[in-house]
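Novice: coordinates for the following, if possible.
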Amino acid sequence: MAEYVLAIDQGTTSSRAILFDHDGLVVSSGQLEHRQILPRPGWVEHDPLEIWRNVREVIGQALSKADVTRHDIAAVGITNQRETTVVWNRSTGEPVYNAIVWQDTRTQPIVDRLAKDGGIERFSLRVGLPLATYFAGTKLVWILENVEGARAAAEAGELLFGTIDTWVLWNLTGGPDGGVHATDVTNASRTLFMDLETCRWDDEILSTFDVPRSMLPEIRSSSEVYGVVEDSSLLRRVPVAGILGDQQAATFGQAAFDAGESKNTYGTGNFLIFNTGERIVHSTNGLLTTVGYRLGDAAPHYALEGSIAVTGSLVQWLRDNLGLIATAAEIETLAATVADNGGVYFVPAFSGLFAPHWRPDARGVIVGLTGFVNRGHLARAALEATAFQTAEVIEAVNADSGVALAELKVDGGMVANATLMQFQADVLGVPVVRPVVTETTALGAAYAAGLAVGFWSSLGELSANWHEDTRWLPRIDAAERSRQLRLWKKAVTRSYDWVDDDVR
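Specialist: Residues are numbered from 1 along each chain as shown. Sure, this is the predicted structure:
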């Protein structure tokens with residue numbers, strides 16, 4: 001009898017394979033980073049073939065470390081960086097261009113063109129999203145309009161489009177030799193093309209974007225058997241049975257299955273998901289409406305989402321671009337050398353501002369500099385930027401939902417930073433709670449796959465696996481909290497209106 005479920009977690013900076021047991025605990029894992037390709041300011045790309053090679057290798061690492069074979073694996077789940085876009089030839093499997101990453105801002109002229117008729121909210125009642133460079137749809141249009149021969153090949157039915165989940169699934173299940181071309185509702189809801197009510201591609205929107213429908217994958221649920229792994233793989237004949245975009249997967253892994261439950265993931269960016277159940281709630285405060293998950297033929301569960309572009313990647317920037325620290329972990333040590341931020345606020349609008357502002361014209365600023373400020377203050381301001389941005393998103397969630405958040409469940413790489421977690425509790429004024437298993441993104445994909453094949457029997461069984469590890473309580477008073485948030489919001493306004501016709 002199979003004892004494990006394998007999750008493939010294909011993220012912005014690395015690919016991982018993690019093996020989970022029936023208790024939802026990590027048994028083994030493999031991980032490889034991939035290149036961040038930055039051809040121009042604002043452009044961010046990945047090599048899809050490098051990602052696929054890495055996925056295969058990390059699967060081998062995870063199986064080898066646990067000394068297991070395919071016979072021990074009940075199912076495979078996939079989770080992925082959501083809006084990152086790949087277009088490839090269906091006959092050869094060769095991408096026509098690098099994957100355009102979710103952070104990439106090159107499609108702003110396409111956004112502006114589409115927004116001339118109806119503004120950035122033109123399609124939001126149908127798709128839950130504003131027109132923005134963030135989403136996959138405009139990235140696909142850019143490839144069709146700028147890669148030589150792509151438009152003609154697409155119209156001839158030769159090209160396939162997908163987010164990274166689709167790319168990995170297609171390759172896992174055979175590629176050009178019968179690979180399954182599908183995505184799940186959570187990833188489809190990040191394209192600008194899917195009608196939230198019907199969970200189907202919207203032909204009118206596709207026509208407006210001038211995208212051939214033949215390129216698009218089939219939309220399926222988040223938990224069902226899509227196909228089996230090809231025979232040449234270490235996982236041959238194992239069913240691929242779960243797909244969730246990374247933030248929805250983390251929500252699922254946190255067992256936030258019901259309306260009113262939420263989580264916040266601290267990764268390359270920060271993403272807060274608030275479950276609204278089977279009800280579609282359209283935000284009036286700068287949040288996105290998205291699909292949270294769909295299990296088989298059951299009704300989809302929807303969510304409000306606050307997406308923040310730059311949090312963990314700001315720490316990487318301080319390490320790689322400025323050399324302020326040698327490792328990401330050093331940010332906490334350096335921040336601890338000072339008592340506070342010294343009056344410094346760091347707004348990391350490297351790709352503009354996402355939720356709740358949606359200001360593509362913004363760029364990063366550091367304000368409040370004086371001769372007193374040192375490296376420690378900059379490090380603390382960088383950490384605090386993550387907490388402040390999260391506070392703004394939660395303020396929007398509270399306004400949209402009409403219910404104040406009582407506590408915040410957290411996950412992702414940055415939750416190991418106790419200084420950040422304490423400050424997060426301080427500026428929110430509510431407890432911040434970290435679970436025992438913080439690999440919730442991969443765990444969510446494993447849960448979706450395991451449910452589909454009967455490895456787990458119910459959501460209740462999954463909820464029983466969740467256990468609290470650490471809880472941070474607020475330590476500052478309401479007046480100090482209000483002062484800090486006021487200064488942060490003042491700093492945010494200083495980032496506005498930088499990009500214009502002369503600055504890109």
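Novice: for Gly352, which non-adjacent residue is spatially closest?
Specialist: The spatial neighbour of Gly352 that comes closest, neighbours along the chain excluded (C-beta to C-beta, 6 or more residues apart in numbering), is Pro360 at 4.0 Å. No exception for glycine: its C-beta is placed from N, CA and C like everyone else's.
Novice: enumerate every residue touching the one you found.
Specialist: Counting by C-beta atoms under 8 Å, 6 or more residues apart in numbering, Pro360 makes contact with 105, 108, 111, 132-133, 352, 499.
Novice: tell me the most packed of those residues, by neighbour count.
Specialist: Counting neighbours by other C-beta atoms under 10 Å, Gly352 leads the contacts of Pro360 with 26 neighbours.
Novice: enumerate every residue touching it.
Specialist: Each residue near Gly352 by C-beta under 8 Å, 6+ apart is listed here: 105, 133, 309, 359-363, 499.
Novice: just give me the closest of the contacts of Pro360 to Arg483.
Specialist: The closest of the contacts of Pro360 to Arg483 turns out to be Gly352 (C-beta to C-beta; 26.9 Å).
Novice: mind listing what's buried in stretch 456-468?
Specialist: For stretch 456-468, burial by neighbour count (16 or more other C-beta atoms under 10 Å) applies to 456, 462, 465-466.
Novice: of these, which is the nearest to Ser401?
Specialist: Ranked by distance to Ser401 (C-beta to C-beta), the buried residues of stretch 456-468 are led by Trp466 at 21.9 Å.
Novice: who's in contact with that closest one?
Specialist: Trp466 sits next to 24, 254-255, 435 when contact means C-beta under 8 Å, 6+ apart.
Novice: mind running it again at 7 Å?
Specialist: Counting by C-beta atoms under 7 Å, 6 or more residues apart in numbering, Trp466 makes contact with 254-255, 435.
Novice: could you do Gly412 as well?
Specialist: Gly412 touches 265-267, counting by C-beta under 7 Å, 6+ apart.
Novice: follow-up on the earlier one: from the buried residues of stretch 456-468, which is closest to Arg483?
Specialist: For these, the nearest to Arg483 is Trp466 (35.5 Å; C-beta to C-beta).
Novice: measure the closest one to Gly242 for me?
Specialist: Going from Trp466 to Gly242 by C-beta to C-beta, to the nearest Å gives 18 Å.
Novice: out of the contacts of Pro360, which sit inside helices?
Specialist: Taking DSSP state H, the ones among the contacts of Pro360 that sit in helices are 108, 111.
Novice: report how many residues lie close to Gln103.
Specialist: For Gln103, the count of nearby residues is 24 (other C-beta under 10 Å).
Novice: check for me that it belongs to a helix.
Specialist: No. Per DSSP: H, G, I helix; E, B strand; the rest coil, Gln103 lies outside any helix segment and is coil.
Novice: model confidence for it, exactly?
Specialist: Reading off the confidence values, Gln103 has pLDDT 89.
Novice: OK, contacts around it?
Specialist: Taking C-beta under 7 Å, 6+ apart as the test, what Gln103 contacts is 44, 309, 351.
Novice: fine by me, we can end here.
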